[in-house]
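J.: Sequence and computational prediction follow.
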Amino acid sequence: MLLFAVKRLLYVLPIALGVSVICFMLVYLAPGDPASALIPDNTPPAIAAQIREAYGFDKPVPVQYLRWLSRVLAGDLGTSTSTRRPVLSEVLPAMLNTFKLAGGAILIACIAGIALGAAGAYRGGRLSDRAIGAVGIAGISVPPYWLGMVLIVVFSVNLGILPATGMGEQQTLGDQLRHLVLPTLTLAVVPAGIIARSVRSAVGEILQQEFVQTLHANGLPPARVFLHVARNAAPPALAVLGLEFARLLGGSILVETVFSWPGSGFLLNSAIFSRDLPVVQGTVLALAMFFVVTNVIVDLLQMAFDPRFKRARAAVARR
Amino acid sequence: MTDRALELAAPETPRSWVRRPASYWGGVATRLARDPVTLICAAILLAIVLVVIFAPLIGLDDPYQQSVVRRLKPPGTPGHLLGTDELGRDLLARLVYGGRTSLLMGFLPVLIATLVGGTLGIVAGYAGGLINTAVMRTIDVFYAFPSVLLAVAISGVLGGGVRNGLLALTLVFIPSIARVSESITMHVSTQDFVDAARATGAYPHQILIGHVLKNVVAPILVFASSLISISIVIAAGLSFLGLGVAPPIPEWGLMLSTLRPAIYVAPLNAVLPGVMIFVTSMCFNMMSDGFRNAMDVKA
């Protein structure tokens, strides 16, 4: 078990390195060379060359990468070309805002998804199961940016009970929460559908196993049997949950745009349109790294929770 | 000449008084025919695709014809069945013509990614060893990005536009298709019948085409079909952000974005393009689920 954990942790390194290479190369994908974004038009060639040298653009690309990497590892993601502030100080608060959104969304998705999925599995094959299945498919099919607009139409325009955009005044908690409702709900729908579907199949599979029948036959009350089922269905559900949370952070860009929520997606979008490449690069790198780390944590948690892992460990210990 | 010796006469099949077991595809067809939901979704999609293809023939308004006086007319206005958009253009015509772009942008990346990713995955899964490690670890790096983030980042940095959007989406789907293809191929090529073929002296290409490919194509296609709806939603999302199709070309995501300010005055018009995205994406998902069940794919 420990060996597996160490292996899994070591495996992160090459992936993280690869991710950093792609983020670094992003800048080189852009039309024109990366220095041209820094150099205003009709700059005298001599000064342009000076700028190039100052930023290290005259060096070969691998050397530039290593220099960039060492700066990134020291916590320096460069300077925003539009605000002249360090990229890190732009990305961190934005990510924090996205965290609030994604955290709330995953909480809702988790409750709704697990409830729907488990209910569907227990009603296996009946009409209610199929109806829940259809709700799940609708959940994963809906374009979140459109759903956000519909919710604004219903709750802000027609009913006028919830604010449509922005984060609200920073001072009052109640106002902030009110601003959170619609974007969080919008963001929650797709992961709720995905979680419902995977919980449905995980629980359905376990309900068919013989040990469940045995428990029933031994006279265990259904609620206690459910505990056993839940324990066995938890690891795969947990895996999906973690993955979806990480995906929300990267995927909230469309929803943030609809609700003008000042999160990392909103930042990325505006950076793209102001051609602020350092911010684009920094945001993508931060989000991708978070995704990688979350995946590892999910794997390790899954391992810790999975009864089969424990049983295997106990078997090894007995020998 | 030596090969001739192996060509034994095929044993005469007895006239079947016992009913022959239906072929695999026959079974799939029977199961599909008994699944009304999948059939209905397929019919809706077929209708949408036909209307979109034959758009110039069904007597729609010009989707580019603007009019200042007819802006944001509600659905049901005479002459404009679904109303008009923020520049007075006929919404029905724009939705139909927009479907051409949206469906194409949703479908094409999955098609290309299936060809590229499927090939990579099958080769990696069949070859194993160093090739597998090289291909799959590279794929893992791309898989380490959330898909929407990767699509937005690539198409954004490249500068938007249809071509860059298609490129970004294709790159997003290659890793997941390659991963699934690899694991299916691995599973199939370790089955007994492959070993049996190898033991009887079949050439690698014969095994690859006759035994492995035949058994992996269907599950890969089922998986790919489940990506079409995601692709449609993300493609329209790119245009919604202003990274895909450029105005005035009609496209569902872009229409949704330009109509967004109108949600306060004409909410019904504003949400219509999204309804189209939702319906097509949902039908594709339902159909993909139906095929998965009918083909009994576990992946």
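T.: Received the coordinates, thanks. Numbering: from 1, shown residues only, chains lettered A, B, ... in the order given.
J.: Residue 229 - how many residues pack around it?
T.: Unless you meant another one, I'm taking chain A. Neighbour count for residue A:229, taken as other CB atoms under 10 Å in any protein chain shown: 22. Placement of C-beta: from N, CA and C, glycine included.
J.: you looked at the wrong chain, it should be chain B
T.: By other CB under 10 Å, neighbour count at residue B:229 equals 26.
J.: Over to the one 5 residues further on?
T.: Residues within reach of residue B:234, counting by other CB under 10 Å, total 29.
J.: what's near enough to touch it?
T.: B:147-148, B:151, B:169, B:172 (CB atoms under 8 Å, 6 or more residues apart in numbering or on different chains).
J.: Could you list which of the residues you listed also contact chain A?
T.: B:147-148 (CB under 8 Å from any CB of the partner chain).
J.: Not counting sequence-adjacent ones, nearest residue to residue A:260?
T.: residue A:165 (4.1 Å; CB to CB, 6 or more residues apart in numbering or on different chains).
J.: Please name the nearest non-neighbouring residue to residue A:49.
T.: That would be residue A:58: by CB to CB, 6+ apart, it lies 7.7 Å from residue A:49.
J.: Please read the previous query as pertaining to residue A:258.
T.: Using CB to CB, 6+ apart, the nearest residue to residue A:258 is residue A:148, at 3.9 Å.
J.: per-residue pLDDT, that neighbour?
T.: We have a pLDDT of 90 for residue A:148.
J.: hmm, back to that, residue A:256 is in contact with the residue nearest to residue A:260, correct?
T.: No. Using CB atoms under 8 Å, residue A:165 makes no contact with residue A:256, being 10.3 Å away.
J.: Just want to know which of these two has more residues nearby.
T.: Looking at residue A:165 and residue A:256 with other CB under 10 Å, you find the greater number of neighbours at residue A:256, namely 26 against 15.
J.: could you list every residue that touches the more buried one?
T.: Residue A:256 neighbours (CB under 8 Å, 6+ apart): A:98, A:101, A:183, A:262-266, A:269.
J.: Those in helices, which ones?
T.: A:98, A:101, A:183, A:264-266, A:269 (DSSP state H).
J.: Going by distance to residue A:294, which of the residues you listed wins?
T.: Within the ones in helices among the contacts of residue A:256, proximity to residue A:294 (CB to CB) peaks at residue A:98, which comes in at 13.3 Å.
J.: Would you agree residue A:157 is in contact with residue B:263?
T.: Yes. Assessed by CB under 8 Å, residue A:157 is found in contact with residue B:263 at 6.4 Å.
J.: of these two, who's got more company?
T.: residue B:263 (19 against 14).
J.: From chain A, how far out is the more buried one?
T.: With distances taken as CB to the nearest CB, to the nearest Å, residue B:263 is found 5 Å from chain A.
J.: Find the nearest non-adjacent residue to the residue of the stretch 151-300 of chain A found nearest chain B, please.
T.: For the stretch 151-300 of chain A and chain B, the shortest gap (CB to the nearest CB) falls at residue A:250, measuring 2.9 Å. Nearest in space to residue A:250, with sequence neighbours left out and distances taken as CB to CB, 6+ apart, is residue B:146 at 2.9 Å.
J.: what do you get for residue A:225?
T.: residue A:215 (4.8 Å).
J.: what do you get for residue A:296?
T.: residue A:12 (5.4 Å).
J.: would the one you found count as being in a helix?
T.: Yes. Under DSSP: H, G, I helix; E, B strand; the rest coil, residue A:12 falls within a helix.
J.: okay but it is in contact with residue A:291, surely?
T.: No. In this structure, residue A:12 is not within contact of residue A:291 by CB under 8 Å, at 11.4 Å.
J.: For these two, work out which one has more neighbours and name it.
T.: The residue with more neighbours, out of residue A:12 and residue A:291, is residue A:291; 21 against 17, by other CB under 10 Å.
J.: doesn't residue A:249 make contact with the more buried one?
T.: Yes. Between residue A:291 and residue A:249 there is a contact at 7.1 Å, judged by CB under 8 Å.
J.: excluding its backbone neighbours, what's nearest the residue of the stretch 51-200 of chain A found nearest chain B?
T.: Residue of the stretch 51-200 of chain A nearest chain B, by CB to the nearest CB: residue A:146 (2.9 Å). Spatial nearest neighbour of residue A:146, chain neighbours left out: residue B:274 (2.9 Å); criterion: CB to CB, 6+ apart.
J.: Could you give the number of residues near residue B:65?
T.: 13.
J.: for residue B:51, that is, sorry about that
T.: Residues near residue B:51, counting by other CB under 10 Å: 15.
J.: what's it in contact with, if anything?
T.: Residue B:51 touches B:58, B:96, B:99, counting by CB under 8 Å, 6+ apart.
J.: For the last one, give its distance to residue A:112.
T.: Think residue B:99. As judged by CB to CB, to the nearest Å, residue B:99 and residue A:112 stand 31 Å apart.
J.: And those two? Which one has more around it.
T.: For residue B:99 and residue A:112, the more surrounded residue by other CB under 10 Å is residue B:99, and the numbers stand at 23 against 19.
J.: Report the buried residues of the helix or strand encompassing that one.
T.: Under the criterion of DSSP states H and E, residue B:99 resides in helix B:91-127. Within helix B:91-127, the residues that count as buried by 16 or more other CB atoms under 10 Å in any protein chain shown are B:91-103, B:105-110, B:112-114, B:116-118, B:120-127.
J.: before we move on, what about stretch B:146-163?
T.: For stretch B:146-163, by 16+ other CB under 10 Å, it's B:146-158, B:160, B:162.
J.: next one: stretch A:178-185
T.: Buried, per 16+ other CB under 10 Å, within stretch A:178-185: A:179-180, A:182-185.
J.: List the contacts of it.
T.: By CB under 8 Å, 6+ apart, stretch A:178-185 touches A:100-101, A:104-105, A:108, A:148, A:151-152, A:155-156, A:162-164, A:166-168, A:255-256, A:258-259, A:261.
J.: now swap in stretch A:117-137 and tell me
T.: In contact with stretch A:117-137 (CB under 8 Å, 6+ apart) are residues A:116, A:193, A:195-204, A:207, A:230, A:233, A:237, B:282, B:285-286, B:289.
J.: Over to stretch B:194-212?
T.: B:122, B:126, B:185, B:188-189, B:193.
J.: With stretch A:196-212 instead?
T.: With CB under 8 Å, 6+ apart, stretch A:196-212 has contacts from A:112-114, A:116-118, A:120-122, A:124, A:129, A:132-133, A:135-137, A:139-140, A:225, A:228-229, A:232-233, A:236-237, A:240.
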